[in-house]
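A.B. asks: my questions are about this predicted structure, shown below with the sequence.
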Amino acid sequence: MGPSTHPAWRRVQLARHPKRPHSLDYIERIFTDFQEFHGDRAFGDDPAIVAGSAQFAGRPVMVVAEQKGRDTKQRFFRNFGMPKPEGYRKALRVMQMAAKFGRPIVTLLDTPGAYPGIDAEERGQAEAIARNLREMARLAVPVVVVCIGEGGSGGALALGVGNTVLMLENAVYSVISPESCAAIIYRDSAKAEQAAAALRLTAEDLKELGLIDGIIPEPEGGAQEDPDAAAEFLRQHLSARLSELDHLDRDQIVEHRYAKFRRMGNFFA
């Protein structure tokens, strides 16, 4: 990362840093009594999405998170954090269980995107994502979303319909990766840095555009420099945001989420 590197591209590189904390690193530090659930009750289990029940500051919650692998073996096991349809269906099963028992939901986004392989397409990748968008909009419990690394288009948005959407300081959230954007727009994937600047994918950009609700600071140099401190920042913000939503009843929670997403893209109201 030389001095001429665009700030947006530096954020992309930090979001992809090989030592950056992943979802399980934060779950281990922030939650207690985490009990993982497996399977979508239709096809199988998808290790790219980790979901289950946990305690957060003494209250029961449900956690749904995208998980990248750390070493080569883990990356293959987790499919590099790219979920398949059964992953999204597992996530929805857990979120609907949360709604049934009145538990708040915390989702952690960290994926290059939904898996585009033929097996995923054959099992209804687009339908699974679309169903999650619809059903998350209807959940009558608080949903707090945190983009902790890469927020890759629909692959992240399928877990991203929340009452509150936060981003870590060096996370990125975009409709397409800079490399793919550069290949389409500039016919040259090597122009990814230029594309990153144009995509407005940093936390500051998205906060300015009204697409996220808050930015969680990271330790100097990035979360990989001090995962414990990064987790503590995340814990504090989660606690504050869940407390803000506590006063809303079930109908108000749904209306709050609906109104939030209806405001997006409206620059004249």
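C.D. replies: That came through, no problem. These numbers were taken from a predicted model, which means no experiment stands behind them.
A.B. asks: name the surrounding residues that touch stretch 49-60.
C.D. replies: 23-24, 27, 30-37, 61-67, 83, 87-88, 90-91, 94, 101, 103-104, 106, 159, 235, 238-239, 242 (CB atoms under 8 Å, 6 or more residues apart in numbering). From N, CA and C alone the C-beta is placed, and that goes for glycine too.
A.B. asks: spell out the secondary structure type for residue 145.
C.D. replies: strand (DSSP: H, G, I helix; E, B strand; the rest coil).
A.B. asks: what sits against the nearest residue to it once chain neighbours are set aside?
C.D. replies: Closest residue to residue 145 in three dimensions, ignoring its sequence neighbours and counting by CB to CB, 6 or more residues apart in numbering: residue 162, at 3.6 Å. Remark: with contacts taken as CB under 8 Å, 6+ apart, residue 162 is in contact with 105, 107, 136, 143-145, 257.
A.B. asks: cool, and residue 116?
C.D. replies: For residue 116, the contacting residues are 82, 125, by CB under 8 Å, 6+ apart.
A.B. asks: let me know the helix or strand that it is in.
C.D. replies: Secondary structure from DSSP states H and E places residue 116 outside every helix and strand.
A.B. asks: next, find the distance separating it from residue 186.
C.D. replies: According to CB to CB, to the nearest Å, residue 116 and residue 186 sit 21 Å apart.
A.B. asks: and the strands in the stretch 1-150 of the chain?
C.D. replies: Under the criterion DSSP state E, counting those that start in this stretch, the stretch 1-150 of the chain carries strands at the ranges 32-37, 49-56, 59-66, 105-111, 143-152.
A.B. asks: list the buried residues for the third one?
C.D. replies: What it means is strand 59-66. Neighbour-count burial for strand 59-66, with 16 or more other CB atoms under 10 Å as criterion, is recorded at 61-66.
A.B. asks: given that strand, what are its sheet partners and their directions?
C.D. replies: Sheet pairing for strand 59-66, assigned by DSSP bridges, gives strand 49-56 (antiparallel), strand 105-111 (parallel).
A.B. asks: please identify which of those is closest to residue 249.
C.D. replies: With CB to CB, the closest approach to residue 249 among the strands paired with strand 59-66 belongs to strand 105-111: 16.4 Å.
A.B. asks: now pLDDT and distance to residue 268 too, for the buried residues of strand 59-66, in CSV please.
C.D. replies: Formatted as CSV, the entries for the buried residues of strand 59-66 read as follows, by pLDDT from 0 to 100; distance: CB to CB, whole Å:
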residue, pLDDT, distance to residue 268
61, 97, 37
62, 98, 37
63, 98, 38
64, 98, 35
65, 98, 36
66, 98, 35
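A.B. asks: relative to residue 249, which of those is nearest.
C.D. replies: Ranked by distance to residue 249 (CB to CB), these are led by residue 61 at 18.2 Å.
A.B. asks: still on that earlier bit, would CSV of the strands of the stretch 1-150 of the chain with distance to residue 265 be doable?
C.D. replies: Supplementary listing: the strands of the stretch 1-150 of the chain in CSV, determined by distance: least, CB to CB, whole Å:
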stretch, distance to residue 265
strand 32-37, 35
strand 49-56, 28
strand 59-66, 25
strand 105-111, 20
strand 143-152, 17
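A.B. asks: can you tell me which of these is nearest to residue 267?
C.D. replies: By CB to CB (comparing all of the strands of the stretch 1-150 of the chain), the closest turns out to be strand 143-152, at 21.9 Å.
A.B. asks: next, the buried residues of the closest one.
C.D. replies: By neighbour count with 16+ other CB under 10 Å, strand 143-152 contains the buried residues 143-152.
A.B. asks: same question, stretch 37-49
C.D. replies: In stretch 37-49, the ones that count as buried by 16+ other CB under 10 Å are 37, 40, 46-49.
A.B. asks: partners of the residue most central in space within the chain in the sheet?
C.D. replies: In the chain, the residue lying closest to the centroid (CA atoms, centre = their mean) is residue 109, at 1.6 Å. On the basis of DSSP bridges, residue 109 takes part in beta bridges with residue 147.
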